[in-house]
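A.B. asks: Just need the structure, nothing else, for what follows:
(one chain, ligands or ions: 1)
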Amino acid sequence: MASSHSREQFDIAIVGGGPSGRIAALALAQQGLSCVLIAPTLDQQDCRTTALWQKSIDLLRDIGVWPAIEGNAEALKKMRMIDSTGRLFRAPEVVFDCSELGLEEFGFNILNSELNVFLEKACAAQPSLEMIADTVETAEFGDEQAILFTSGGMIISTSLAVAADGRKSTLREAAGIKVKSWSYPQVAVVLNLEHRLPHQQISTEFHTSTGPFTLVPLPGRQSSLVCVETAEGAAKLLAMTDEELETELERRAHSILGSFKLASKPQSFPLAGLTATSLVGPRLALVGETAHVFPPIGAQGLNLSMRDIRDLTTIVAAARHSHADIGSRPLLSSYEKKRFSDIRSRTNAVDVLNRSLLTEFLPVQAVRSAGMYLTGKLGPLRRILMREGLAPGTAFQLHR
Ligand SMILES: Cc1cc2nc3c(=O)[nH]c(=O)nc-3n(C[C@H](O)[C@H](O)[C@H](O)COP(=O)(O)OP(=O)(O)OC[C@H]3O[C@@H](n4cnc5c(N)ncnc54)[C@H](O)[C@@H]3O)c2cc1C
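C.D. replies: This next block holds a predicted model:
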(Lines give C-alpha, C1' and ligand atoms only; values in the text may rest on other atoms or scores of the structure.)
Protein backbone atom coordinates (compact mmCIF):
# COMPACT_ATOMS: atom_id res chain seq x y z
CA MET A 1 0.00 0.00 0.00
CA ALA A 2 1.23 3.48 -0.82
CA SER A 3 1.39 5.82 2.20
CA SER A 4 -0.94 8.82 2.38
CA HIS A 5 0.16 12.41 1.62
CA SER A 6 2.80 11.08 -0.77
CA ARG A 7 3.55 11.68 -4.45
CA GLU A 8 3.92 8.64 -6.59
CA GLN A 9 4.59 7.91 -10.24
CA PHE A 10 3.06 5.02 -12.22
CA ASP A 11 2.94 4.04 -15.87
CA ILE A 12 -0.86 3.64 -15.68
CA ALA A 13 -3.42 4.73 -13.08
CA ILE A 14 -6.81 3.04 -13.27
CA VAL A 15 -9.60 4.81 -11.40
CA GLY A 16 -12.80 3.04 -10.24
CA GLY A 17 -13.47 -0.19 -8.38
CA GLY A 18 -16.41 -1.59 -10.34
CA PRO A 19 -15.82 -4.64 -12.53
CA SER A 20 -14.49 -2.51 -15.42
CA GLY A 21 -11.83 -0.85 -13.24
CA ARG A 22 -10.64 -4.06 -11.63
CA ILE A 23 -10.55 -6.06 -14.87
CA ALA A 24 -8.72 -3.21 -16.65
CA ALA A 25 -6.23 -2.98 -13.76
CA LEU A 26 -5.46 -6.70 -13.95
CA ALA A 27 -5.19 -6.79 -17.74
CA LEU A 28 -2.90 -3.73 -17.91
CA ALA A 29 -0.71 -4.69 -14.92
CA GLN A 30 -0.05 -8.02 -16.64
CA GLN A 31 1.69 -6.16 -19.50
CA GLY A 32 4.69 -5.55 -17.24
CA LEU A 33 3.82 -1.91 -16.57
CA SER A 34 3.66 -0.32 -13.13
CA CYS A 35 -0.02 0.23 -12.40
CA VAL A 36 -2.11 1.63 -9.60
CA LEU A 37 -5.82 1.08 -8.98
CA ILE A 38 -7.49 3.93 -7.12
CA ALA A 39 -10.85 2.70 -5.89
CA PRO A 40 -12.94 3.03 -2.75
CA THR A 41 -13.48 -0.06 -0.60
CA LEU A 42 -15.73 -2.64 -2.22
CA ASP A 43 -19.46 -1.93 -2.03
CA GLN A 44 -21.19 -5.23 -1.25
CA GLN A 45 -24.77 -3.97 -1.59
CA ASP A 46 -25.16 -4.90 -5.27
CA CYS A 47 -27.57 -7.87 -5.59
CA ARG A 48 -27.47 -7.82 -9.42
CA THR A 49 -25.98 -10.60 -11.49
CA THR A 50 -24.05 -10.29 -14.72
CA ALA A 51 -24.38 -12.58 -17.71
CA LEU A 52 -21.01 -12.68 -19.44
CA TRP A 53 -20.65 -13.98 -23.00
CA GLN A 54 -17.83 -16.17 -24.30
CA LYS A 55 -15.45 -13.36 -25.33
CA SER A 56 -15.72 -11.88 -21.84
CA ILE A 57 -15.06 -15.28 -20.27
CA ASP A 58 -12.02 -15.55 -22.56
CA LEU A 59 -10.71 -12.25 -21.17
CA LEU A 60 -11.26 -13.43 -17.57
CA ARG A 61 -9.45 -16.63 -18.48
CA ASP A 62 -6.56 -14.69 -20.05
CA ILE A 63 -6.09 -12.58 -16.92
CA GLY A 64 -6.14 -15.74 -14.79
CA VAL A 65 -9.31 -15.18 -12.73
CA TRP A 66 -11.78 -17.49 -14.46
CA PRO A 67 -10.81 -20.77 -12.67
CA ALA A 68 -11.67 -19.15 -9.31
CA ILE A 69 -14.95 -17.69 -10.57
CA GLU A 70 -16.28 -20.62 -12.62
CA GLY A 71 -17.59 -22.70 -9.69
CA ASN A 72 -19.84 -19.82 -8.62
CA ALA A 73 -21.26 -19.12 -12.07
CA GLU A 74 -24.06 -20.88 -13.98
CA ALA A 75 -23.75 -21.81 -17.65
CA LEU A 76 -26.33 -20.33 -20.04
CA LYS A 77 -27.18 -22.83 -22.77
CA LYS A 78 -30.48 -21.60 -24.13
CA MET A 79 -32.19 -18.23 -24.35
CA ARG A 80 -35.92 -18.14 -24.75
CA MET A 81 -37.94 -15.06 -25.71
CA ILE A 82 -41.67 -15.03 -25.02
CA ASP A 83 -44.07 -12.30 -26.13
CA SER A 84 -46.09 -11.42 -23.05
CA THR A 85 -47.35 -8.05 -24.30
CA GLY A 86 -50.93 -9.29 -24.76
CA ARG A 87 -51.15 -7.08 -27.86
CA LEU A 88 -52.87 -7.60 -31.20
CA PHE A 89 -49.60 -8.49 -32.95
CA ARG A 90 -48.01 -11.07 -30.69
CA ALA A 91 -44.82 -12.87 -31.67
CA PRO A 92 -44.34 -16.62 -31.30
CA GLU A 93 -41.81 -17.96 -28.78
CA VAL A 94 -38.20 -17.96 -30.01
CA VAL A 95 -35.47 -20.19 -28.55
CA PHE A 96 -31.78 -19.59 -29.15
CA ASP A 97 -29.72 -22.74 -28.50
CA CYS A 98 -25.92 -22.53 -28.14
CA SER A 99 -25.55 -25.96 -29.80
CA GLU A 100 -26.72 -24.34 -33.08
CA LEU A 101 -23.44 -22.40 -33.02
CA GLY A 102 -21.43 -25.44 -31.92
CA LEU A 103 -20.86 -23.86 -28.50
CA GLU A 104 -20.92 -25.56 -25.08
CA GLU A 105 -22.70 -22.50 -23.68
CA PHE A 106 -23.39 -18.88 -24.61
CA GLY A 107 -21.77 -17.70 -21.40
CA PHE A 108 -22.19 -17.67 -17.64
CA ASN A 109 -24.24 -15.76 -15.08
CA ILE A 110 -22.67 -14.69 -11.78
CA LEU A 111 -23.63 -12.56 -8.78
CA ASN A 112 -21.92 -9.14 -9.01
CA SER A 113 -21.04 -9.32 -5.30
CA GLU A 114 -19.12 -12.56 -5.91
CA LEU A 115 -17.52 -11.40 -9.16
CA ASN A 116 -16.27 -8.25 -7.43
CA VAL A 117 -14.75 -10.21 -4.54
CA PHE A 118 -12.89 -12.55 -6.90
CA LEU A 119 -11.61 -9.55 -8.88
CA GLU A 120 -10.54 -7.73 -5.73
CA LYS A 121 -8.58 -10.77 -4.50
CA ALA A 122 -6.90 -11.13 -7.89
CA CYS A 123 -5.95 -7.43 -7.89
CA ALA A 124 -4.46 -7.74 -4.39
CA ALA A 125 -2.36 -10.70 -5.55
CA GLN A 126 -1.18 -9.08 -8.79
CA PRO A 127 2.49 -8.02 -8.77
CA SER A 128 3.04 -4.60 -10.40
CA LEU A 129 -0.45 -3.47 -9.33
CA GLU A 130 -0.67 -1.19 -6.33
CA MET A 131 -4.09 -0.58 -4.74
CA ILE A 132 -5.10 2.69 -3.13
CA ALA A 133 -8.41 2.60 -1.23
CA ASP A 134 -9.42 6.16 -2.01
CA THR A 135 -11.31 8.29 -4.52
CA VAL A 136 -9.92 10.79 -7.01
CA GLU A 137 -11.07 14.29 -6.12
CA THR A 138 -9.73 16.08 -9.14
CA ALA A 139 -7.31 15.61 -12.01
CA GLU A 140 -5.13 17.61 -14.41
CA PHE A 141 -4.25 16.40 -17.86
CA GLY A 142 -1.11 17.67 -19.62
CA ASP A 143 0.79 16.63 -22.74
CA GLU A 144 3.34 14.61 -20.76
CA GLN A 145 1.47 13.43 -17.67
CA ALA A 146 -1.91 13.12 -15.99
CA ILE A 147 -1.91 14.14 -12.35
CA LEU A 148 -4.57 12.73 -10.03
CA PHE A 149 -5.34 14.19 -6.60
CA THR A 150 -7.04 11.82 -4.18
CA SER A 151 -9.39 12.72 -1.34
CA GLY A 152 -6.81 11.31 1.09
CA GLY A 153 -4.20 13.82 -0.08
CA MET A 154 -2.13 11.66 -2.44
CA ILE A 155 -0.84 12.95 -5.75
CA ILE A 156 -0.38 10.38 -8.51
CA SER A 157 1.48 11.19 -11.75
CA THR A 158 0.96 8.82 -14.64
CA SER A 159 1.60 8.44 -18.35
CA LEU A 160 -1.93 7.15 -18.85
CA ALA A 161 -5.05 7.48 -16.70
CA VAL A 162 -7.83 4.96 -17.34
CA ALA A 163 -11.20 6.27 -16.17
CA ALA A 164 -13.52 3.49 -14.97
CA ASP A 165 -15.16 5.67 -12.33
CA GLY A 166 -18.69 5.15 -13.61
CA ARG A 167 -21.42 7.23 -15.16
CA LYS A 168 -20.71 10.30 -12.98
CA SER A 169 -16.98 10.12 -13.71
CA THR A 170 -14.77 12.73 -12.02
CA LEU A 171 -11.96 12.12 -14.52
CA ARG A 172 -14.19 12.54 -17.55
CA GLU A 173 -15.50 15.80 -16.18
CA ALA A 174 -12.02 17.07 -15.21
CA ALA A 175 -10.91 16.39 -18.80
CA GLY A 176 -13.87 18.40 -20.13
CA ILE A 177 -15.33 15.45 -22.06
CA LYS A 178 -19.02 16.05 -22.66
CA VAL A 179 -21.71 13.38 -22.57
CA LYS A 180 -25.01 12.83 -24.30
CA SER A 181 -27.39 11.45 -21.67
CA TRP A 182 -31.05 10.50 -21.69
CA SER A 183 -33.55 8.64 -19.54
CA TYR A 184 -36.33 6.12 -20.12
CA PRO A 185 -39.74 6.04 -18.42
CA GLN A 186 -38.76 2.73 -16.82
CA VAL A 187 -37.19 1.28 -13.69
CA ALA A 188 -35.53 -2.15 -13.42
CA VAL A 189 -36.55 -4.06 -10.29
CA VAL A 190 -33.82 -6.59 -9.60
CA LEU A 191 -33.71 -9.53 -7.20
CA ASN A 192 -32.70 -13.16 -6.92
CA LEU A 193 -35.12 -16.04 -6.51
CA GLU A 194 -35.18 -19.65 -5.40
CA HIS A 195 -37.62 -21.75 -7.42
CA ARG A 196 -39.19 -25.19 -7.19
CA LEU A 197 -38.42 -26.38 -10.74
CA PRO A 198 -34.93 -26.58 -12.33
CA HIS A 199 -34.06 -23.83 -14.82
CA GLN A 200 -32.21 -26.28 -17.09
CA GLN A 201 -29.69 -23.52 -17.88
CA ILE A 202 -32.35 -21.68 -19.90
CA SER A 203 -32.61 -17.92 -19.60
CA THR A 204 -36.16 -16.67 -20.25
CA GLU A 205 -37.07 -13.17 -21.36
CA PHE A 206 -40.76 -12.28 -21.33
CA HIS A 207 -41.42 -9.22 -23.46
CA THR A 208 -44.04 -7.12 -21.69
CA SER A 209 -45.49 -3.74 -22.60
CA THR A 210 -43.36 -2.05 -19.89
CA GLY A 211 -40.10 -3.80 -20.87
CA PRO A 212 -38.47 -7.21 -20.46
CA PHE A 213 -39.03 -9.53 -17.48
CA THR A 214 -35.93 -11.70 -17.56
CA LEU A 215 -35.04 -14.76 -15.49
CA VAL A 216 -31.38 -15.78 -15.74
CA PRO A 217 -30.10 -19.04 -14.20
CA LEU A 218 -27.80 -19.06 -11.16
CA PRO A 219 -26.19 -22.18 -9.60
CA GLY A 220 -28.73 -24.61 -8.08
CA ARG A 221 -32.43 -23.86 -8.20
CA GLN A 222 -31.91 -20.11 -8.25
CA SER A 223 -32.30 -17.41 -10.88
CA SER A 224 -31.81 -13.69 -11.02
CA LEU A 225 -34.69 -11.50 -12.15
CA VAL A 226 -34.60 -8.18 -13.97
CA CYS A 227 -38.16 -6.85 -14.21
CA VAL A 228 -38.44 -3.64 -16.22
CA GLU A 229 -41.50 -1.65 -15.17
CA THR A 230 -42.93 1.86 -15.22
CA ALA A 231 -41.85 3.97 -12.22
CA GLU A 232 -45.33 3.49 -10.76
CA GLY A 233 -45.33 -0.27 -11.40
CA ALA A 234 -41.88 -0.60 -9.82
CA ALA A 235 -42.99 1.33 -6.73
CA LYS A 236 -45.92 -1.06 -6.34
CA LEU A 237 -43.64 -4.11 -6.53
CA LEU A 238 -41.19 -2.59 -4.05
CA ALA A 239 -44.01 -1.87 -1.58
CA MET A 240 -45.21 -5.50 -1.52
CA THR A 241 -44.52 -7.94 1.30
CA ASP A 242 -42.18 -10.83 0.41
CA GLU A 243 -45.13 -13.22 0.04
CA GLU A 244 -47.09 -10.83 -2.18
CA LEU A 245 -44.04 -10.23 -4.35
CA GLU A 246 -43.32 -13.96 -4.70
CA THR A 247 -46.89 -14.62 -5.84
CA GLU A 248 -46.95 -11.67 -8.24
CA LEU A 249 -43.61 -12.62 -9.82
CA GLU A 250 -44.66 -16.25 -10.21
CA ARG A 251 -47.81 -15.03 -11.98
CA ARG A 252 -45.74 -12.86 -14.34
CA ALA A 253 -43.39 -15.81 -15.01
CA HIS A 254 -46.41 -17.98 -15.88
CA SER A 255 -45.10 -20.44 -13.22
CA ILE A 256 -42.49 -21.78 -15.66
CA LEU A 257 -40.13 -22.33 -12.71
CA GLY A 258 -42.85 -23.23 -10.19
CA SER A 259 -43.25 -21.29 -6.97
CA PHE A 260 -40.75 -18.57 -6.01
CA LYS A 261 -38.99 -17.66 -2.77
CA LEU A 262 -37.01 -14.42 -2.55
CA ALA A 263 -33.26 -15.01 -2.20
CA SER A 264 -32.47 -11.29 -1.95
CA LYS A 265 -34.25 -8.03 -1.25
CA PRO A 266 -35.41 -6.19 -4.38
CA GLN A 267 -33.32 -3.28 -5.63
CA SER A 268 -34.29 -0.73 -8.26
CA PHE A 269 -32.35 0.92 -11.08
CA PRO A 270 -33.93 3.73 -13.11
CA LEU A 271 -33.16 3.14 -16.79
CA ALA A 272 -30.89 5.67 -18.44
CA GLY A 273 -28.52 6.04 -21.33
CA LEU A 274 -25.24 7.90 -21.71
CA THR A 275 -22.57 8.17 -24.36
CA ALA A 276 -19.35 10.13 -23.92
CA THR A 277 -18.72 12.37 -26.94
CA SER A 278 -15.07 11.29 -26.89
CA LEU A 279 -13.44 8.18 -25.45
CA VAL A 280 -10.10 9.85 -24.87
CA GLY A 281 -8.46 13.07 -23.71
CA PRO A 282 -4.84 14.04 -23.13
CA ARG A 283 -3.30 11.10 -21.23
CA LEU A 284 -6.79 9.69 -20.61
CA ALA A 285 -8.85 6.73 -21.87
CA LEU A 286 -12.44 5.99 -20.81
CA VAL A 287 -13.71 2.42 -20.33
CA GLY A 288 -16.97 0.87 -19.12
CA GLU A 289 -19.91 2.91 -17.90
CA THR A 290 -17.73 6.02 -17.85
CA ALA A 291 -18.04 5.83 -21.65
CA HIS A 292 -21.42 4.18 -22.26
CA VAL A 293 -24.58 3.33 -20.33
CA PHE A 294 -27.78 1.73 -21.66
CA PRO A 295 -30.72 -0.34 -20.34
CA PRO A 296 -30.10 -3.90 -19.10
CA ILE A 297 -31.48 -5.65 -22.18
CA GLY A 298 -29.64 -8.53 -23.83
CA ALA A 299 -26.85 -8.44 -21.20
CA GLN A 300 -24.66 -6.10 -23.21
CA GLY A 301 -23.26 -3.51 -20.73
CA LEU A 302 -20.28 -5.14 -19.04
CA ASN A 303 -19.66 -7.35 -22.09
CA LEU A 304 -19.15 -4.16 -24.10
CA SER A 305 -16.86 -2.78 -21.38
CA MET A 306 -14.78 -5.95 -21.54
CA ARG A 307 -14.21 -5.28 -25.23
CA ASP A 308 -13.07 -1.72 -24.35
CA ILE A 309 -10.57 -3.25 -21.94
CA ARG A 310 -9.41 -5.91 -24.40
CA ASP A 311 -8.79 -3.33 -27.15
CA LEU A 312 -7.08 -0.83 -24.85
CA THR A 313 -4.81 -3.55 -23.42
CA THR A 314 -3.87 -4.79 -26.90
CA ILE A 315 -2.95 -1.26 -28.03
CA VAL A 316 -0.98 -0.48 -24.86
CA ALA A 317 0.84 -3.85 -25.00
CA ALA A 318 1.89 -3.22 -28.61
CA ALA A 319 3.18 0.26 -27.67
CA ARG A 320 5.15 -1.15 -24.77
CA HIS A 321 6.78 -3.81 -26.96
CA SER A 322 7.86 -1.20 -29.47
CA HIS A 323 9.05 1.14 -26.65
CA ALA A 324 6.47 3.74 -27.72
CA ASP A 325 4.74 6.20 -25.40
CA ILE A 326 1.72 4.37 -23.89
CA GLY A 327 -0.30 7.57 -23.44
CA SER A 328 0.47 9.38 -26.68
CA ARG A 329 -2.25 11.09 -28.70
CA PRO A 330 -1.96 8.76 -31.74
CA LEU A 331 -2.21 5.71 -29.50
CA LEU A 332 -5.28 7.06 -27.73
CA SER A 333 -6.85 8.04 -31.05
CA SER A 334 -6.40 4.49 -32.30
CA TYR A 335 -8.21 3.23 -29.18
CA GLU A 336 -11.09 5.61 -29.80
CA LYS A 337 -11.30 4.66 -33.46
CA LYS A 338 -11.32 0.98 -32.64
CA ARG A 339 -14.14 1.25 -30.08
CA PHE A 340 -16.41 3.82 -31.66
CA SER A 341 -18.63 1.71 -33.94
CA ASP A 342 -19.08 -1.15 -31.44
CA ILE A 343 -20.25 1.28 -28.74
CA ARG A 344 -22.53 3.16 -31.11
CA SER A 345 -24.12 0.03 -32.58
CA ARG A 346 -24.76 -1.60 -29.16
CA THR A 347 -26.23 1.60 -27.75
CA ASN A 348 -28.55 2.00 -30.73
CA ALA A 349 -29.58 -1.66 -30.85
CA VAL A 350 -30.54 -1.75 -27.16
CA ASP A 351 -32.37 1.57 -27.49
CA VAL A 352 -34.40 0.37 -30.50
CA LEU A 353 -35.24 -2.97 -28.84
CA ASN A 354 -36.42 -1.23 -25.70
CA ARG A 355 -38.48 1.38 -27.54
CA SER A 356 -40.06 -1.24 -29.82
CA LEU A 357 -41.54 -2.86 -26.69
CA LEU A 358 -42.86 0.40 -25.30
CA THR A 359 -44.48 1.69 -28.47
CA GLU A 360 -48.25 1.71 -28.91
CA PHE A 361 -47.73 2.27 -32.66
CA LEU A 362 -49.26 -0.78 -34.36
CA PRO A 363 -46.98 -0.90 -37.45
CA VAL A 364 -43.89 -1.06 -35.19
CA GLN A 365 -45.51 -3.79 -33.10
CA ALA A 366 -46.25 -5.70 -36.32
CA VAL A 367 -42.64 -5.37 -37.56
CA ARG A 368 -41.31 -6.54 -34.18
CA SER A 369 -43.61 -9.57 -34.19
CA ALA A 370 -42.73 -10.41 -37.79
CA GLY A 371 -39.03 -10.15 -36.90
CA MET A 372 -39.46 -12.59 -34.03
CA TYR A 373 -41.55 -14.92 -36.20
CA LEU A 374 -38.84 -15.02 -38.89
CA THR A 375 -36.14 -15.48 -36.26
CA GLY A 376 -37.96 -18.51 -34.89
CA LYS A 377 -38.47 -20.02 -38.36
CA LEU A 378 -35.17 -19.25 -40.10
CA GLY A 379 -32.09 -20.99 -38.73
CA PRO A 380 -29.53 -18.83 -40.60
CA LEU A 381 -31.17 -15.60 -39.37
CA ARG A 382 -31.26 -16.99 -35.83
CA ARG A 383 -27.58 -17.87 -35.99
CA ILE A 384 -26.66 -14.41 -37.30
CA LEU A 385 -28.55 -12.79 -34.42
CA MET A 386 -27.00 -15.13 -31.85
CA ARG A 387 -23.47 -14.42 -33.08
CA GLU A 388 -24.04 -10.69 -33.25
CA GLY A 389 -25.52 -10.73 -29.73
CA LEU A 390 -22.41 -12.43 -28.39
CA ALA A 391 -19.81 -10.26 -30.13
CA PRO A 392 -19.80 -7.65 -32.88
CA GLY A 393 -18.64 -8.49 -36.38
CA THR A 394 -19.01 -12.25 -35.92
CA ALA A 395 -22.49 -12.58 -37.42
CA PHE A 396 -21.32 -13.93 -40.78
CA GLN A 397 -18.51 -16.17 -39.53
CA LEU A 398 -18.95 -19.79 -40.55
CA HIS A 399 -17.25 -21.26 -37.49
CA ARG A 400 -16.84 -20.13 -33.90
C1 LIG B 1 -30.20 -4.26 -13.63
C2 LIG B 1 -28.93 -4.38 -14.41
C3 LIG B 1 -28.54 -5.62 -14.91
C4 LIG B 1 -27.38 -5.74 -15.68
N5 LIG B 1 -27.03 -6.96 -16.20
C6 LIG B 1 -25.96 -7.06 -17.00
C7 LIG B 1 -25.61 -8.32 -17.59
O8 LIG B 1 -26.26 -9.34 -17.36
N9 LIG B 1 -24.51 -8.36 -18.42
C10 LIG B 1 -23.76 -7.25 -18.69
O11 LIG B 1 -22.80 -7.34 -19.46
N12 LIG B 1 -24.06 -6.06 -18.12
C13 LIG B 1 -25.13 -5.94 -17.29
N14 LIG B 1 -25.44 -4.75 -16.71
C15 LIG B 1 -24.52 -3.62 -16.90
C16 LIG B 1 -23.38 -3.73 -15.87
O17 LIG B 1 -23.92 -3.95 -14.58
C18 LIG B 1 -22.57 -2.46 -15.88
O19 LIG B 1 -22.07 -2.29 -17.19
C20 LIG B 1 -21.38 -2.55 -14.94
O21 LIG B 1 -21.78 -2.78 -13.61
C22 LIG B 1 -20.62 -1.26 -14.98
O23 LIG B 1 -19.40 -1.45 -14.35
P24 LIG B 1 -18.34 -0.28 -14.32
O25 LIG B 1 -17.19 -0.84 -13.55
O26 LIG B 1 -18.10 0.25 -15.68
O27 LIG B 1 -19.06 0.89 -13.49
P28 LIG B 1 -19.48 0.92 -11.94
O29 LIG B 1 -19.88 -0.44 -11.49
O30 LIG B 1 -20.44 2.03 -11.80
O31 LIG B 1 -18.13 1.27 -11.18
C32 LIG B 1 -17.65 2.56 -11.03
C33 LIG B 1 -16.79 2.55 -9.80
O34 LIG B 1 -16.07 3.77 -9.73
C35 LIG B 1 -16.06 4.20 -8.37
N36 LIG B 1 -15.84 5.64 -8.39
C37 LIG B 1 -16.73 6.61 -8.67
N38 LIG B 1 -16.14 7.82 -8.59
C39 LIG B 1 -14.85 7.59 -8.24
C40 LIG B 1 -13.75 8.44 -8.01
N41 LIG B 1 -13.86 9.77 -8.09
N42 LIG B 1 -12.56 7.90 -7.67
C43 LIG B 1 -12.43 6.53 -7.57
N44 LIG B 1 -13.46 5.68 -7.79
C45 LIG B 1 -14.65 6.21 -8.11
C46 LIG B 1 -17.41 3.77 -7.83
O47 LIG B 1 -17.38 3.67 -6.42
C48 LIG B 1 -17.58 2.43 -8.50
O49 LIG B 1 -17.01 1.40 -7.73
C50 LIG B 1 -26.60 -4.60 -15.95
C51 LIG B 1 -26.98 -3.34 -15.44
C52 LIG B 1 -28.15 -3.24 -14.69
C53 LIG B 1 -28.56 -1.86 -14.17
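
A.B. asks: To what extent is Asp43 buried, counted in neighbours?
C.D. replies: The tally of other residues near Asp43 (other Cβ atoms under 10 Å) stands at 11. Yep, even glycine has a C-beta here, placed from its N, CA and C like the rest.

A.B. asks: Next up, the contacts around the residue of the stretch 301-400 of the chain found nearest the ligand.
C.D. replies: Checking the stretch 301-400 of the chain residue by residue against the ligand with Cβ to the nearest ligand atom singles out Gly301 as nearest, at 2.7 Å. If you count contacts by Cβ atoms under 8 Å, 6 or more residues apart in numbering, Gly301 has them with Glu289, His292, Val293, Phe294.

A.B. asks: And this protein, what are its domain boundaries?
C.D. replies: Partitioning the chain according to automatic domain parsing yields domains covering residues 7-45+112-180+275-357, 66-108+181-271+359-390.

A.B. asks: Could I get the contacting residues of the closest residue to Gly281 other than its chain neighbours?
C.D. replies: Residue nearest to Gly281 in three dimensions, not counting chain neighbours: Ala175, with 3.6 Å by Cβ to Cβ, 6 or more residues apart in numbering. Each residue near Ala175 by Cβ under 8 Å, 6+ apart is listed here: Ala139, Phe141, Ala163, Gly281, Pro282, Leu284.

A.B. asks: Quickly check these for the two that are furthest apart.
C.D. replies: Pairwise distances across the contacts of Ala175 (Cβ to Cβ) peak at 12.6 Å, for the pair Ala163 and Pro282.

A.B. asks: the more surrounded of these two?
C.D. replies: For the pair Ala163 and Pro282, the greater number of neighbours falls to Ala163 (34 against 18), based on other Cβ under 10 Å.

A.B. asks: And the closest residue to that one other than its chain neighbours, how far from the ligand?
C.D. replies: In space, and not counting its chain neighbours, Ala163 is closest to Leu171: 3.8 Å by Cβ to Cβ, 6+ apart. Separation of Leu171 from the ligand (Cβ to the nearest ligand atom, to the nearest Å) stands at 7 Å.

A.B. asks: Ok, Ala139 next?
C.D. replies: When Cβ to the nearest ligand atom is the yardstick, Ala139 and the ligand sit 9 Å from each other.

A.B. asks: Let me know the secondary structure of Leu353.
C.D. replies: Classification of Leu353 by DSSP: H, G, I helix; E, B strand; the rest coil places it in helix.

A.B. asks: count of neighbours near the closest residue to it other than its chain neighbours?
C.D. replies: On the basis of Cβ to Cβ, 6+ apart, the spatially nearest residue to Leu353 that is not a chain neighbour turns out to be Ile297, at 5.6 Å. Neighbours of Ile297 under the rule other Cβ under 10 Å: 22.

A.B. asks: shouldn't Ile297 be in contact with Val352?
C.D. replies: No - proximity of Ile297 to Val352 does not meet the contact threshold set by Cβ atoms under 8 Å, at 10.1 Å.

A.B. asks: before we move on, back to that, looking at the contacts of Ala175, which are in strands?
C.D. replies: Ala139, Phe141, Ala163, Gly281, Leu284 (DSSP state E).

A.B. asks: Quick check: residues of the stretch 1-150 of the chain near the ligand?
C.D. replies: Residues of the stretch 1-150 of the chain found near the ligand, taking Cβ under 6 Å from any ligand atom as the criterion, are 15-21, 38-40, 48, 50-51, 135-136.

A.B. asks: picking up where we left off before, show the pLDDT at the residue of the stretch 301-400 of the chain closest to the ligand.
C.D. replies: According to the model's per-residue confidence, Gly301 sits at a pLDDT of 92.

A.B. asks: Then Pro363?
C.D. replies: Per-residue confidence for Pro363 comes out at a pLDDT of 55.

A.B. asks: repeat for Ala235
C.D. replies: Looking at Ala235, its pLDDT stands at 97.

A.B. asks: burial of it, as a residue count?
C.D. replies: Under the neighbour criterion other Cβ under 10 Å, Ala235 is assigned a count of 13.

A.B. asks: One more: the one 3 residues further on?
C.D. replies: As a burial measure, Leu238 scores 16 neighbours (other Cβ under 10 Å).

A.B. asks: How about Pro219?
C.D. replies: Other residues within reach of Pro219, judged by other Cβ under 10 Å, total 14.

A.B. asks: Equivalent analysis for Glu93, please.
C.D. replies: A count of nearby residues for Glu93, using other Cβ under 10 Å, gives 11.

A.B. asks: that's a strand at Leu191, yeah?
C.D. replies: Yes - residue assignment for Leu191, taken from three-state DSSP, places it within a strand.

A.B. asks: ok, so what distance separates the one residue in the stretch 1-150 of the chain that gets nearest to the ligand from Gly166?
C.D. replies: Residue nearest to the ligand within the stretch 1-150 of the chain (Cβ to the nearest ligand atom): Gly18, separated by 2.2 Å. Separation of Gly18 from Gly166 (Cβ to Cβ, to the nearest Å): 6 Å.

A.B. asks: more neighbours, these two?
C.D. replies: A count of neighbours by other Cβ under 10 Å puts Gly18 above the other of Gly18 and Gly166, at 22 against 18.

A.B. asks: Contacts only, for the more buried one.
C.D. replies: For Gly18, counting by Cβ under 8 Å, 6+ apart, the contacting residues are Asn116, Ala164, Gly166, Gly288, Glu289.

A.B. asks: ok so, going back, which neighbours do Gly18 and Gly166 have in common?
C.D. replies: A shared contact of Gly18 and Gly166, defined by Cβ under 8 Å, 6+ apart, is any residue touching both; here these are Gly288, Glu289.

A.B. asks: isn't Ala29 right up against Leu129?
C.D. replies: Yes - proximity of Ala29 to Leu129 meets the contact threshold set by Cβ under 8 Å, at 3.8 Å.
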